[in-house]
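Enquirer: model this:
(chains A and B)
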2 protein chains.
Amino acid sequence: MTNELFNRPIGVFDSGLGGLTAVKELRKLLPHEDIVYFGDTGRVPYGTKSRETILRYAQQDVDFLLTCKVKMILAACGTVSSNIPKDFARQLPVPFTGVVEHACDAAVKATKKRHIGIIATPSTIRSGAYEAHIHLIAPDIQVTAAPCSLFVPLVENGYIQQDNPVTRLVAQQYLAPLKQANPDTLILGCTHYPLLAPIISDIMGPEVTLIDSGQTAARYTAQYLQDHAMLCEPCRRGTNRFYVSDSTEGFADVAGIFLGSDIHGEVTRIHID
Amino acid sequence: MTNELFNRPIGVFDSGLGGLTAVKELRKLLPHEDIVYFGDTGRVPYGTKSRETILRYAQQDVDFLLTCKVKMILAACGTVSSNIPKDFARQLPVPFTGVVEHACDAAVKATKKRHIGIIATPSTIRSGAYEAHIHLIAPDIQVTAAPCSLFVPLVENGYIQQDNPVTRLVAQQYLAPLKQANPDTLILGCTHYPLLAPIISDIMGPEVTLIDSGQTAARYTAQYLQDHAMLCEPCRRGTNRFYVSDSTEGFADVAGIFLGSDIHGEVTRIHID
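Expert: Prediction:
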């Protein structure tokens, strides 16, 4: 790549707004980089749909980011990352990563009791991807997984306050088997879930380490770009461009919850299909 | 129309499976008719998306049903029905109806206290369509409306048991302003909501009449076909064909909850976009 190519943006996508938790971390680690984000808000959620549909949507999302001439793609979506075939990245003209491997690597490092919990969308849990990767690198580790079908709708509808009684009740139900199994490390296997981290942590207890899959994937992306001498010239402040497949109205408000109030950028609606 | 045209199927569609509550009623009223149903399960829900996106999806749904050579179309979706322009039906080669007017007509007939409640998706409530139609036919009636953003995800994820603590808690929150306003008639303005009718009725009390918008629209459709001499020849048992935009796997189980166990038909997946 020439220098010009290194100045291309990093592409990030998700079914909706969850992937913005990865953008937040990327922005912190790489202040000079341009970031292009696509959120498929017109078709969210992915995690309760079939693998075939998820892969079709993911291909369209990736194709769109390639038209934005990105230099690397981060699928900041647990559902896409856990369903995509292992050889998917090989067909692409730019490096590609999901969130599964990096969250698993961090969890394996963190666990002392050799017991990791996973919460994610039904489709992600069904795929077995997190469990498979953990056992690939550490076959002796015990894994307890639980699907949380309502977490994404709860987050997308703003049920995220720490004392929200509905979210607490739902979380208590989903986390009950994990409380009983008692892992010391819990992977938040969907990039929406960090917004529920205070509630999840309250229920699981302070001795359980939460692994934020969007954050660990962002750290990997930053490291990859650095290791491959693909970082942009550090002489400017990076920009953010956001694309969504539903209306842009209200995006800024909701995105602010994911990103923090100090990250801004132009928001454009596209037809992803 | 010739006799052959009258033997064409009735077309019904919804964002997901909610419209099957209308199919159930149609099947009861019109045992000889063929019914084609399309559920946009690959893009459900509609009710938390923008009007522009809803109308684009609705146009695709209608276009698909027209390729099935239906003789009439029922938009068995409160969100589509309340957002679609009034002149939409005029462009179509077959009669078209939504669910709004017929639920309002039934509610206006039912209310004794001249006070009607409406619960529906955020998009439907924002449209003001139910309220506008009630005031068109009965300007003196008081209307109290409440959006219920989580009811569709709760139903689509199977949280429908009468004693489900999550659904009860959510319903208590949504219905609190209605309990206080105290209407004697409540429109279930989304075709998913009849599956929550036992819980809603428990909370509102037995003196509140629930109006099922899918059921009243099905009754209108049956009456329309009869009044316009468009019923099929009554010499055979009608068939059901179901189309969905996500995987067909598991459709039969979930559809059975909406339809009752005695309604069957072929299920086919299509690409709606």
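Enquirer: Check the stretch 151-273 of chain A for the residue nearest chain B and tell me.
Expert: With distances taken as C-beta to the nearest C-beta, the stretch 151-273 of chain A approaches chain B most closely at A:Ser247, which sits 3.2 Å away. Yep, even glycine has a C-beta here, placed from its N, CA and C like the rest.
Enquirer: Is that residue in contact with B:Ile54, as I believe?
Expert: No: with contacts counted by C-beta atoms under 8 Å, A:Ser247 stays clear of B:Ile54, the gap being 9.9 Å.
Enquirer: With neighbour numbers in mind, choose between these two.
Expert: A side-by-side neighbour count of A:Ser247 and B:Ile54, using other C-beta atoms under 10 Å in any protein chain shown, places B:Ile54 first with 26 against 17.
Enquirer: Report the mean per-residue pLDDT for the helix or strand where the more buried one lies.
Expert: When secondary structure is defined using DSSP states H and E, the element that contains B:Ile54 is helix B:51-67. Averaged over helix B:51-67, pLDDT sits at 97.
Enquirer: got the buried residues for that helix?
Expert: With burial defined by 16 or more other C-beta atoms under 10 Å in any protein chain shown, the residues of helix B:51-67 counted as buried are B:Arg51, B:Thr53, B:Ile54, B:Arg56, B:Tyr57, B:Ala58, B:Gln60, B:Asp61, B:Val62, B:Phe64, B:Leu65.
Enquirer: Next, format those as CSV and append distance to A:Val166.
Expert: Rendered in CSV, the data for these read as follows (distance: C-beta to C-beta, whole Å):
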residue, distance to A:Val166
B:Arg51, 27
B:Thr53, 26
B:Ile54, 25
B:Arg56, 31
B:Tyr57, 28
B:Ala58, 30
B:Gln60, 33
B:Asp61, 31
B:Val62, 35
B:Phe64, 36
B:Leu65, 36
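Enquirer: of the residues you listed, closest to A:Ser261?
Expert: Looking at those and their distance to A:Ser261, the nearest is B:Thr53, at 26.8 Å (C-beta to C-beta).
Enquirer: Quick one: residues contacting that closest one.
Expert: Shown in contact with B:Thr53 (C-beta atoms under 8 Å, 6 or more residues apart in numbering or on different chains): A:Gly42, A:Ser245, A:Asp246, A:Ser247, B:Tyr46.
Enquirer: For the strand or helix carrying A:Ile257, give me every contacting residue.
Expert: Here A:Ile257 sits within helix A:251-259, counting by DSSP H and E. Judged by C-beta under 8 Å, 6+ apart, the contacts made with helix A:251-259 from elsewhere in the structure are A:17-18, A:20-21, A:23-24, A:27, A:41, A:156, A:158, A:160, A:195, A:242, A:244, A:267.
Enquirer: Could you rerun that using 6 Å?
Expert: Residues from elsewhere that reach helix A:251-259 (C-beta atoms under 6 Å, 6 or more residues apart in numbering or on different chains): A:Leu17, A:Leu20, A:Thr21, A:Lys24, A:Val244, A:Val267.
Enquirer: tell me the average confidence for it?
Expert: If you average the pLDDT values across helix A:251-259, you get 84.
Enquirer: mind listing what's buried in that helix?
Expert: Residues of helix A:251-259 classed as buried by neighbour count (16+ other C-beta under 10 Å): A:Phe251, A:Val254, A:Ala255, A:Phe258, A:Leu259.
Enquirer: what do you get for stretch A:116-127?
Expert: Burial within stretch A:116-127, assessed by neighbour count using 16+ other C-beta under 10 Å, is assigned to A:Ile116, A:Gly117, A:Ile118, A:Ile119, A:Ala120, A:Thr121, A:Ser123, A:Thr124, A:Ile125, A:Arg126, A:Ser127.
Enquirer: Now go through these and say which are in strands.
Expert: Filtering these for membership in strands, criterion DSSP state E, returns A:Ile116, A:Gly117, A:Ile118, A:Ile119, A:Ala120.
Enquirer: Over to the residue of the stretch 1-150 of chain A found nearest chain B: give its phi and psi.
Expert: Minimum separation of the stretch 1-150 of chain A from chain B (C-beta to the nearest C-beta) falls at A:Ser50, amounting to 3.2 Å. With angles defined as degrees, to the nearest 10, A:Ser50 sits at phi -80, psi 160.
Enquirer: burial count for the closest residue to A:Thr41 other than its chain neighbours?
Expert: Leaving out its chain neighbours, the residue that sits closest to A:Thr41 by C-beta to C-beta, 6 or more residues apart in numbering or on different chains is A:Asp246, at 3.9 Å. Other residues near A:Asp246 number 22, with proximity taken as other C-beta under 10 Å.
Enquirer: now A:Leu136
Expert: Other residues near A:Leu136 come to 10 when the count uses other C-beta under 10 Å.
Enquirer: any idea which helix or strand carries it?
Expert: Taking DSSP H and E as the criterion, the element that holds A:Leu136 is helix A:129-137.
Enquirer: Strand partners (parallel or antiparallel) of the helix or strand following that helix?
Expert: Counting by DSSP H and E, the next helix or strand C-terminal to helix A:129-137 is strand A:142-147. In its sheet, strand A:142-147 lies beside strand A:115-120 (parallel), with partners assigned from DSSP bridges.
Enquirer: what's the strand it pairs with in contact with?
Expert: Under the contact criterion C-beta under 6 Å, 6+ apart, strand A:115-120 has outside partners A:78, A:107, A:130, A:141-146, A:148, A:178, A:183, A:185-187, A:189-190.
Enquirer: Then stretch A:62-74?
Expert: A:8-12, A:36, A:38, A:94-97, A:217, A:221.
Enquirer: List the buried residues of the helix or strand just after the helix holding A:Ile257.
Expert: Using DSSP H and E, the helix or strand that directly follows helix A:251-259 along the chain is strand A:266-269. Applying a neighbour-count criterion of 16+ other C-beta under 10 Å, one finds A:Val267, A:Arg269 buried in strand A:266-269.
Enquirer: Just checking: what are the partner strands of strand A:266-269?
Expert: Strand pairing for strand A:266-269, determined by DSSP bridges: strand A:240-244 (parallel).
Enquirer: starting at the chain centroid, how far to the strand it pairs with?
Expert: On the basis of C-alpha atoms, centre = their mean, to the nearest Å, strand A:240-244 sits 16 Å off its chain's mean C-alpha point.
Enquirer: For that strand, output the C-alpha coordinates as CSV.
Expert: Output for strand A:240-244, consisting of C-alpha atoms alone and laid out as CSV, is shown next (Å, rounded to 0.1, in the frame of the first residue of the first chain):
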residue,chain,number,x,y,z
ASN,A,240,-16.3,9.9,11.7
ARG,A,241,-18.8,9.1,9.0
PHE,A,242,-22.0,7.2,10.0
TYR,A,243,-24.3,5.4,7.6
VAL,A,244,-27.6,3.8,8.5
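Enquirer: For it, report the contacting residues that lie outside it.
Expert: Contact with strand A:240-244 is made by A:35-39, A:41, A:251, A:265-270, as judged by C-beta under 6 Å, 6+ apart.
Enquirer: Apply 7 Å and report the result again.
Expert: A:35-39, A:41, A:251, A:255, A:263-270 (C-beta atoms under 7 Å, 6 or more residues apart in numbering or on different chains).
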